[in-house]
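# I would like to see how this sequence folds:
(2 chains)
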Amino acid sequence: MLGLVPSALAAGHLPALLALSSEPLAHLRPLDIAVIVIYFAMVIWIGFYLKGQSNTSEEFFMAGREMTAWIAGLSFVSANLGSLELMGWAGSAYQYGILATHWYWVGAIPAMVFLGLVMMPFYYVCKTHSVPGYLDLRYGRGASSVAAVSFAIEMVLMSGVNMFAMAVVMKVVLGWDITFSIFVSSVAVALYVGLGGLRSAIFNEVLQFVLIWGGALLVPILGLVQAGGVDQLKAKIMHNMQSMTGGVAGDSYFHLWRDLGTFHSNPMGVHWSGIVFGLGFVISFGYWTTDFLVVQRVLAAHNLRAARMAPIIASFFKMATPFIVILPGLLGLVLLQNGDGSRRELVGEDVVAACSMTSAGTVANVSVCQAAMAKSPLSAAAQQKVLAGGPDAELHSYNQALPLMMVRYLGPGLLGLGITALIAGFMSGMAGNVSAFSTVWTYDIYKALINKKGSDSHYVLVGRLSIMVGVAVSIGAAYLVMHAHGIMDYVQALFSIFIAPLLAAILFGMFWKRATKWAGFIGLLTGIVFSASLFMWVKLTPSALAAVALSPDAKPMAENVFRALWAFIFSAIVIVLVSLVTKARPVAELDGLVYGATKLPKEDPVPWYKSEYTWAIIVVVLFAALNVIFW
Amino acid sequence: MHGSKISIWFFIGVLLVSYGVLITGYGLYEFATGTLANVQLAEVHAPLWWGATLLALGMFYLIKFRPGKA
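Sure, this is the predicted structure:
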């Protein structure tokens, strides 16, 4: 999911990499190609196999509500485990140390547990098919339409950006043609989601989950062996960091909370308040509890207990993910080497683009390159090497940390498995986008606003066609981004602009009986406008970042979390004020929708070890312990 | 998976067995001939034991979730 991709990738410098004339990082052997071909054959087989089980709208859009807690949970966490995320956060770990882990722990676990224990009963009991569908039941058509239209636009554009980013990565890593990557992945996704609907998307997400762990787990294992264990890794990072931390303590790379008291004492330039309230509450709860892309997976569970258990199962795997994402980034800090044995220093995409090489192996524009390198943490020796040209002169970006580590350790077959894991991550992200788009378009836009009286088979047909249209629009968006690079920043900002006001509308709707129809509509709409205004303010006046993030030392990463926090507070105030001056619905109408007005169905008793509460307690204890250990 | 003729775990079993056979096969070739790939730590023969792990896991899913099993 691009919305949670680090700003290093969201900065929109990926298109600049297209201009590079460099050699690809890896060369695939026939065994690697065979591994990739088998994956594509498998996903198409699954699509054709499931076609016969996706004939009704309930089957096509909700996977028949037949998923077990394990399937729904793995699909739920997998929908978020895209390749941009894997590569982006590995790069962020290289850049910022284990602070990047916040996006996996405080930025996910509390929200996932809250979704499972508190919010899921309302989503599940009201039998909604989507998050805009819940808003329709709670606030009426106005709020629902705003959410549905903004979500549908966001999904297809995000899918296009995702597609383009995948094609760029495949070009840089493997040297594949951009158009080839876009069309092969699009056709495969359109085929298997168009045939099997949500069930097919969920099956492939579970497949992708296994592939990602199978393909990526070997890198940190071998890296730790070569680094000599965790203590040696820490000692080597401390040694390397002395020259490039810019006043930040070298051991800041190993602390999650200790150095968050001020913006300038940690490498990320964030404050604990932004991490706790902006990331841990607004962004995390917004994404994990209201983004339909992930919530749709849990709505497909076969009963309420499975729906509650799914996010809790997912949270265990989410907590473990830093082992295959953050650790390779940290290992890259000490293990990546140039051909002459010197340490390979990675930099931002902007520096890589500024120092692009000519075919003769020299820097194309020396003055631009010098200026870019001067602002980067690149050592003087590395800068001289770049300007001198030659075999090790070419720079690589933070985002290439994971592929570089793969190339370092994975031989024939295993490299194919690693690359397949990246491709599968991209494709399942795209499939998630188009399957969610299809549901929202069919139910919340087409059926709600255009044709209310269609037959069930008609809506399935509309759903299948909307997948084809969604993929086609995504391809158009991918090429638009390729030719108008600046658009990427705006598309990637859509998530953060929509999510905070949506969270406010959902939370007040679910937990405050007094919230009214007009409050939901106006709060959501004005919140989106407010959030977009903050984004444009910082975009047009970069110095405004200091005001939005409350400090002149704040870095772009801090902007996202604080903008989300202000947008949530703004929407919450609007919802409360409008509710107080407009008429609330009778409590009797809120059954199944609002806490305190809903009689939840009694679940069959289960032994303590099968109870969602038991596992939730274990998750919370583990989460707390990890934060204390890495304090 | 509930409600389907073929479980998702069976598909995963097929995929892992396929990968396990290919990667273990290559690992055996490396081990037998001493022709190591040009990667770091090639001497630990990762394709052999990682491929065998994938194969074993795949076989487990393939057998446990085979179609028609009650």
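
# so A:Gly278 touches A:Glu559, yeah?
No - A:Gly278 lies out of contact with A:Glu559 (CB atoms under 8 Å); the separation is 9.6 Å. C-beta here means a position set from N, CA and C on the backbone, and glycine is covered the same way.

# Kindly state the pLDDT recorded for the residue of chain A found nearest chain B?
Closest residue of chain A to chain B, CB to the nearest CB: A:Gly411 (3.0 Å). pLDDT for A:Gly411: 90.

# and the residue in chain B that chain A sits nearest to, what does it touch?
In chain B, no residue comes nearer to chain A than B:Ala37, which is 3.0 Å away by CB to the nearest CB. Contact partners of B:Ala37, counting by CB atoms under 8 Å, 6 or more residues apart in numbering or on different chains, are A:Gly411, A:Pro412, B:Glu30, B:Pro47.

# what element comes up after the lengthiest helix in chain A heading to the C-terminus?
In chain A, assigned by DSSP state H, the helix with the most residues is helix A:178-216. Later in the chain than helix A:178-216, the nearest helix or strand by DSSP states H and E is helix A:218-227.

# wait, does that following helix contact chain B?
Yes - using CB under 8 Å from any CB of the partner chain, helix A:218-227 comes into contact with chain B via A:Leu218, A:Leu222, A:Val225, A:Gln226.

# What's the biggest helix in chain B, counting residues?
In chain B, with assignment by DSSP H, the single longest helix is helix B:8-33.

# What is the helix or strand hosting A:Leu331 packed up against?
Following DSSP H and E, one finds A:Leu331 within helix A:322-335. Applying 3 or more CB pairs under 8 Å, 6 or more residues apart in numbering or on different chains; DSSP states H and E, we find helix A:322-335 packed against helix A:83-96, helix A:178-216, helix A:218-227, helix A:230-241, helix A:401-409.

# show me the contacts for B:Lys64.
Going by CB under 8 Å, 6+ apart, B:Lys64 touches B:Trp9, B:Gly13.

# For B:Ser7, see how far away it is.
9 Å (CB to CB, to the nearest Å).

# overlap in contacts of the two?
In contact with both B:Lys64 and B:Ser7: no residue, using CB under 8 Å, 6+ apart.

# ok, back up a step: the longest helix of chain A near chain B at all?
Yes - under the criterion of CB under 8 Å from any CB, chain B is reached by helix A:178-216 at A:Arg199, A:Phe203, A:Val206, A:Leu207, A:Val210, A:Leu211, A:Gly214.

# thinking again about what came up before, quick one, phi psi at the residue of chain A closest to chain B?
The phi/psi pair for A:Gly411 (degrees, to the nearest 10) reads phi -90, psi -170.

# so of the helices and strands packed on helix A:322-335, which one's packed in deepest?
Sort the helices and strands packed on helix A:322-335 by mean neighbour count, taking mean count of other CB atoms under 10 Å in any protein chain shown, and helix A:83-96 sits at the top with a mean of 27.

# That one vs helix A:401-409, what angle?
90 degrees (axes from the mean of the first three to the mean of the last three CA atoms, to 10 degrees).

# check contacts around A:Ile326.
Contacts of A:Ile326 (CB under 8 Å, 6+ apart): A:Trp89, A:Ala90, A:Ala93, A:Ile98, A:Ala100, A:Thr101, A:Tyr104.

# Report pLDDT for residue 33.
All of this is about chain A. pLDDT, A:Ile33: 93.

# Not quite, go with chain B.
pLDDT, B:Thr33: 92.

# Same question for A:Ala8.
Reported pLDDT for A:Ala8: 46.
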